[in-house]
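Visitor: Take a look and give me a structure for this.
(4 chains)
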Number of protein chains: 2
Amino acid sequence: MINESHDKILSDRAQYLLKVLVERYIRDGEPVGSRTLSKDSGLDLSPASIRNIMADLEELGLIVSPHTSAGRVPTVKGYRLFVDTLLKVKPLDEQEVRLMRSHLDPAETSPQQLLASASGLLSAITRMTGVVTLPKREQASWRHIEFMPLAENRVLVILVLVDGEVQNRVLHLERGYDAAALQQISNYLNSHFAGRDLSELRRGLLNELNRTRESMNELMHAAITMADKVFQVRGGEPTYMMAGETNLMEFAELSDVEKLRRLFDAFNHKRDILTLLDKCIAAEGVQIFIGEESGYKVLDEVSVVSAPYSMGEGVVGVLGVIGPTRMAYERVIPIVDVTARLLSAALNPRK
Amino acid sequence: MINESHDKILSDRAQYLLKVLVERYIRDGEPVGSRTLSKDSGLDLSPASIRNIMADLEELGLIVSPHTSAGRVPTVKGYRLFVDTLLKVKPLDEQEVRLMRSHLDPAETSPQQLLASASGLLSAITRMTGVVTLPKREQASWRHIEFMPLAENRVLVILVLVDGEVQNRVLHLERGYDAAALQQISNYLNSHFAGRDLSELRRGLLNELNRTRESMNELMHAAITMADKVFQVRGGEPTYMMAGETNLMEFAELSDVEKLRRLFDAFNHKRDILTLLDKCIAAEGVQIFIGEESGYKVLDEVSVVSAPYSMGEGVVGVLGVIGPTRMAYERVIPIVDVTARLLSAALNPRK
DNA sequence: TATTAGCACTCACCTTAAATGAGTGCCAAG
DNA sequence: CTTGGCACTCATTTAAGGTGAGTGCTAATA
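Guide: So this is what the prediction gives:
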């Protein structure tokens, strides 16, 4: 009775059986029993022996049975072991990659459209939900700014970033400026600051403000405070693009309307999903959150497979796939990986 | 046996009973039987008499029983009669209107945001799905256009409309232009054509093209063909904003995942919904499509209540609510009506 | 003629019980 | 260590009976 099985290293055979079990469960979604496993494994073992091993696996918390007389199902820990050490990701074949590349054409008119294509592609190819976070732009630089008067002291700001993305917002000011004044302000900012990195811009502005404190005319002062306002509120809250949400309705484990509703609500509120995806932006390659690992209750029954993509210098966003824990990881992982690479390439036609 | 009931005019009493039945069914979603109706109606009639009348109503196709021993449920025809002649829409009380108005603040920074607020408001207040089509802009005029060179013969076009909305798109051209040339082109277009109505613009352009055929320098020619390109493809396909899709999951009649999936897919494909909503743009006030009336199979189980809204001169878009056929029309109708008015008012601060 | 009471009938829905069968744990023998 | 055997568990299925809401019809009543 000495508990020597507690941190017992899994035998190769046990690991192999876990692998077979997970694969089988992923394939058809039903608890797999000892007899099935015995046949499926190809090993020459009787169901009874399999049962012994399964008992070990259960003791280690890698599998559970949903109820007494059902087969076993992988736990999160089981999936984790599976994807971390048992899984063989077979690279996509050339033809698939070519197909994917054709959907992420760098000649696509705008980066925005590229991102939309990427999430659509992920969703279409995996038949699950594709998601792409919009680029963090702290280190992006802008190339042109334009101001335009609106009614009642409001000013429309148009900001063009180097990659051709256009942002616009409306500023409420204390006083109005006429078109000519605004034109001067635009000119001043464009000639002095265009091309600067957004994060270093504010420092530059403050410097300028100090340096020229006395000599400065009112217009320049206005220009600088206005620019400050613009870049202060930059971009609103970050967000993402999704595609294929409805695909998730096909999966039996989500066929409960209440669960679906919670999941979709989470998609709409975005906050949880975003903070989760943000964790991946630091990581190097593909990241996987299985079920409850994510830490969000709504995501208990789904897994997220993600990978960062880059633009210009560094990583700026994350893309991925959301689907049931019981997803075909060995397929999804390379798909996400390749999509991230292709997107990065498409976003950097220069290189 | 002479069929004199065939196009019999409904007695007042029968109509009244239909009204009570529909109201009751809307209230708690279950088939209503003769006994319930007898009590609910307030009339001093026994269930047996009610049954006779219900038989008449059924013969006229206004109600049906889902199965032999259930109560009766309104048919589409029944709902139609109900909303057309039986329904008393009570106007919203002052307080509600004030609340709604506060959510559609004309000081809202951009029209886009106003539309988003409107659909959000509709969804929040009805607990169903709110939808707002984006304005048709054929008659809108623009106030400023700007071109900016991108890599590889592509040009970024920024178009500012009079209401402050900004549109941008990318043109692929046969040859490249440098920043200076594009600047000249912008200047030319802005000084000659800004403020023109978009629909008459192309005519103006063609005239100009003919008038100055020989005397024209290459740049002007480029300007005109470019502008033509811009305004030709104006705006991509029309679309709409939605809010509260997930609210529909609460309704029992849509608790079937398969139905939900089809409905949500329809929302995503937009085409059917848009053509349906477009029909309403011509109508004066509130329009109602009940179930299959819409002509789209996916919408069989839902109703659409819509009203057009205006901006500047005429009607430019439609907003509305999508919910189960069994919705509280007497509440939804005034809500949609008022929202349309408030939105129109907010979009026309001048007037 | 309109209304009503009475009655037989239908049918969804619930409860109960029994049968089924996949799967398990454990033990003793190989 | 492996295996056959065996008793046991328990979700799932099937059948059967009971319940009750609701109906249509008929005949009596006002």
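Visitor: Let me see the contact set for A:Ser119.
Guide: A:130-132, A:241-244, A:319 (CB atoms under 8 Å, 6 or more residues apart in numbering or on different chains). Quick note: C-beta positions are derived from backbone N, CA and C, even for glycine.
Visitor: go with 6 Å
Guide: Contact analysis of A:Ser119 by CB atoms under 6 Å, 6 or more residues apart in numbering or on different chains lists A:130-132, A:241, A:243.
Visitor: out of the residues you listed, which are inside helices?
Guide: Among these, DSSP state H puts none in helices.
Visitor: Got a ChimeraX select line for the buried ones in those?
Guide: One line in ChimeraX is enough to select the buried ones among the contacts of A:Ser119; burial here means 16 or more other CB atoms under 10 Å in any protein chain shown:
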select /A:130,131,132,241,243
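Visitor: Kindly reformat the contacts of A:Ser119 as TSV containing distance to B:Ala181.
Guide: Formatted as TSV, those follow (distance: CB to CB, whole Å):
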residue	distance to B:Ala181
A:Gly130	40
A:Val131	41
A:Val132	35
A:Met241	35
A:Ala243	39
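Visitor: and the contacts of A:Ser119 as JSON lines, adding pLDDT?
Guide: Putting the contacts of A:Ser119 into JSON lines (pLDDT from 0 to 100) gives the following:
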{"residue": "A:Gly130", "pLDDT": "98"}
{"residue": "A:Val131", "pLDDT": "98"}
{"residue": "A:Val132", "pLDDT": "97"}
{"residue": "A:Met241", "pLDDT": "96"}
{"residue": "A:Ala243", "pLDDT": "97"}
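Visitor: Low-confidence ranges, chain A, go.
Guide: Flagging of chain A using pLDDT under 70 yields the residue ranges A:1-9, A:108-109, A:137-140, A:198-200, A:209, A:211-217, A:232-236, A:349-351.
Visitor: Near DNA strand D, which residues of it are found?
Guide: A:44-46, A:48-49, A:52, A:67-70 (CB under 7 Å from any atom of the strand).
Visitor: give the contact list for whichever residue of chain A sits closest to DNA strand C.
Guide: Of all residues in chain A, A:Gly33 sits closest to DNA strand C, with a separation of 2.7 Å (CB to the nearest atom of the strand). Listed by CB under 6 Å, 6+ apart, the contact partners of A:Gly33 are A:Gly71.
Visitor: Can you pull the phi/psi pair for it?
Guide: Here is the backbone geometry of A:Gly33 (degrees, to the nearest 10): phi -100, psi 180.
Visitor: Okay, strands next: where are they in the stretch 151-300 of chain A?
Guide: Remark: strands assigned in the stretch 151-300 of chain A by DSSP state E, counting those that start in this stretch are A:154-161, A:166-172, A:240-243, A:287-290.
Visitor: Which stretch among those is buried most, on average?
Guide: The highest mean neighbour count among these, using mean count of other CB atoms under 10 Å in any protein chain shown, belongs to strand A:287-290: a mean of 22.
Visitor: That strand pairs with which strands, parallel or anti?
Guide: Using DSSP bridges, the strands paired with strand A:287-290 are strand A:302-310 (antiparallel).
Visitor: How about residues contacting the helix or strand following the strand it pairs with?
Guide: Using DSSP states H and E, the helix or strand that follows strand A:302-310 towards the C-terminus is strand A:315-324. Applying CB under 6 Å, 6+ apart, the contact partners of strand A:315-324 are A:118, A:122, A:126, A:128-133, A:135-136, A:251, A:253, A:277, A:280-281, A:302, A:304-306, A:308-309, A:332, A:336, A:340.
Visitor: Any chance of a ChimeraX selection covering the buried ones in those residues?
Guide: Provided next is the ChimeraX selection string for whichever of these are buried by 16+ other CB under 10 Å:
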select /A:118,122,126,128,129,130,131,132,133,135,136,251,277,280,281,302,304,305,306,308,309,332,336,340
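Visitor: nearest spatial neighbour of whatever residue of the stretch 251-351 of chain A ends up closest to DNA strand D, skipping sequence neighbours?
Guide: For the stretch 251-351 of chain A and DNA strand D, the shortest gap (CB to the nearest atom of the strand) falls at A:Ala252, measuring 11.5 Å. The spatial neighbour of A:Ala252 that comes closest, neighbours along the chain excluded (CB to CB, 6 or more residues apart in numbering or on different chains), is A:Gly29 at 6.2 Å.
Visitor: does the residue lying closest to A:Val332 once chain neighbours are set aside have beta-bridge partners, and which?
Guide: In space, A:Val332 comes closest to A:Val305 once its chain neighbours are excluded; the distance is 5.1 Å by CB to CB, 6+ apart. Note on A:Val305: beta-bridge partners by DSSP bridges are A:Ile288, A:Val321.
Visitor: Next, the contact list for A:Val305, please.
Guide: A:288, A:320-321, A:332, A:336.
Visitor: switch to 8 Å and redo it
Guide: A:286-288, A:320-321, A:323, A:327, A:329, A:332-333, A:336.
Visitor: For B:Ala118, see how far away it is.
Guide: Using CB to CB, to the nearest Å, A:Val305 is found at 37 Å from B:Ala118.
Visitor: hmm, who's touching stretch A:86-100?
Guide: So stretch A:86-100 is contacted by A:15, A:18-19, A:22, A:121, A:125, A:329-330, A:333-335, A:338-339, A:342 (CB under 8 Å, 6+ apart).
Visitor: Would you mark the buried spots in that stretch?
Guide: Neighbour-count burial for stretch A:86-100 [16+ other CB under 10 Å]: A:86-87, A:92, A:97, A:100.
Visitor: do stretch A:30-44 as well
Guide: Here stretch A:30-44 shows A:31-34, A:36-38, A:40-41, A:43 as buried, counting by 16+ other CB under 10 Å.
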